[in-house]
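Novice: return atomic coordinates for the entry below.
(one chain, ligands or ions: 1)
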Amino acid sequence: MTVLPCLHLDGYPSYGGSMSAENFPEFRLGKVLATSFTGTLSERYGNAVERIPVPSRLVDWLAVSGLMVDSCTESQLDHARELRESIHAAATAAASQTPPPFSAVQVINAFSTGGLASAILTPEGGREWRLSFASVEDALSVVAADAISIVARERDGKIALCASPTCRAAFFDTSRSRSRRWCDMNTCGNRDKKARFRANKRKGSNPAG
Ligand SMILES: [Zn+2]
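Specialist: Numbering: from 1, shown residues only. Just a heads-up that it's a prediction; the model follows:
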């Protein structure tokens, strides 16, 4: 069977069904499940990069996030993206201390209640999720609940938006000073550092006066 990607985004590359896994954009994984999930689409206001372009990549992302599912259909991927953008909208509102858009609240709640998962304490004292039916819906209910816990300010940290104007990704700042500016130091932070370095160099090479 040929798996065709959903093309929702302008500038998103099209391709056939023969693409192998190593050609897909890498995941950017953070410590917070909900913002790692919103990070599967990056550069939302620039050249957007879709990191879950096909259902199998959502399965992969869920697996590396501790949520193993049996399978994923094209329509489940569409739903997952709907949840992702609703979390992004709610997080964006939370970053400016405004209530989340009503439509985002509805979608997040529908996903939170639309699956079954249980927290399991491991013998080592860690926490794992047990999905009732190993379905995408079960896994996304965990992601939605995680989003609720950060938007509702239940956790120690602050939702903020990346300072890069083409990125504006939501991230969860747990730094002591709550002054983190970038979604990721290795990407947006590094790009800014390089731009400032180049600007300083130009300034330095101009003769004074
Ligand atoms: Zn960023």
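Novice: tally of neighbours for residue 62?
Specialist: Neighbour count for residue 62, taken as other CB atoms under 10 Å: 24. Heads up, the C-betas are built off the backbone N, CA and C, glycines and all.
Novice: an error on my part: the question was meant for residue 187.
Specialist: With other CB under 10 Å as criterion, residue 187 counts 17.
Novice: who's in contact with it?
Specialist: Residues counted as contacts of residue 187 (CB atoms under 8 Å, 6 or more residues apart in numbering) are 28, 42.
Novice: residue 62 now?
Specialist: Taking CB under 8 Å, 6+ apart, we find residue 62 in contact with 68-69, 136, 139.
Novice: SS state for it?
Specialist: helix (DSSP: H, G, I helix; E, B strand; the rest coil).
Novice: and stretch 55-72, what's its mean pLDDT?
Specialist: Stretch 55-72 carries an average pLDDT of 97.
Novice: start the count at 50 instead of 1 going forward.
Specialist: Fine by me, first position is 50 from now on; the one you just mentioned is stretch 104-121.
Novice: if we can go back for a sec, now the contacts of residue 111: which count as buried?
Specialist: Buried members of the contacts of residue 111, scored by 16 or more other CB atoms under 10 Å, are 118, 185, 188.
Novice: pull up the residues of this structure that are close to the ion.
Specialist: Listed as neighbours of the ion in the chain under the rule CB under 5 Å from the ion: 211, 213, 216, 218, 232, 237.
Novice: just the strands in the protein please.
Specialist: 90-91, 98-99, 166-170, 176-180, 207-210, 219-222 (DSSP state E).
Novice: which residue comes closest to residue 132 once chain neighbours are left out?
Specialist: residue 160 (4.8 Å; CB to CB, 6 or more residues apart in numbering).
Novice: got the confidence number for residue 79?
Specialist: Residue 79 is assigned 87 on the pLDDT scale.
Novice: actually, residue 66.
Specialist: 42.
Novice: and residue 83, by the same measure?
Specialist: So, for residue 83, pLDDT stands at 98.
Novice: mind listing what it touches?
Specialist: Here residue 83 is in contact with 136, 140, 192, 195-196, 198-199, 221 (criterion: CB under 8 Å, 6+ apart).
Novice: quick one: which of those residues is nearest to residue 77?
Specialist: Lowest distance from residue 77 to the contacts of residue 83 (CB to CB) belongs to residue 221, with 13.6 Å.
Novice: with residue 198 as the reference, measure out to the closest one.
Specialist: Per CB to CB, to the nearest Å, residue 221 is found 10 Å from residue 198.
Novice: most neighbours, which of the residues of the chain next to the ion?
Specialist: Busiest of the residues of the chain next to the ion [other CB under 10 Å] is residue 218, holding 27 neighbours.
Novice: surely it touches residue 91?
Specialist: Yes. Using CB atoms under 8 Å, residue 218 is in contact with residue 91, at 6.4 Å.
Novice: ok, so what distance separates the closest residue to residue 164 other than its chain neighbours from residue 160?
Specialist: In this structure, residue 164 finds its nearest non-sequential neighbour in residue 190, 3.1 Å apart by CB to CB, 6+ apart. Residue 190 is 6 Å from residue 160, where distance means CB to CB.
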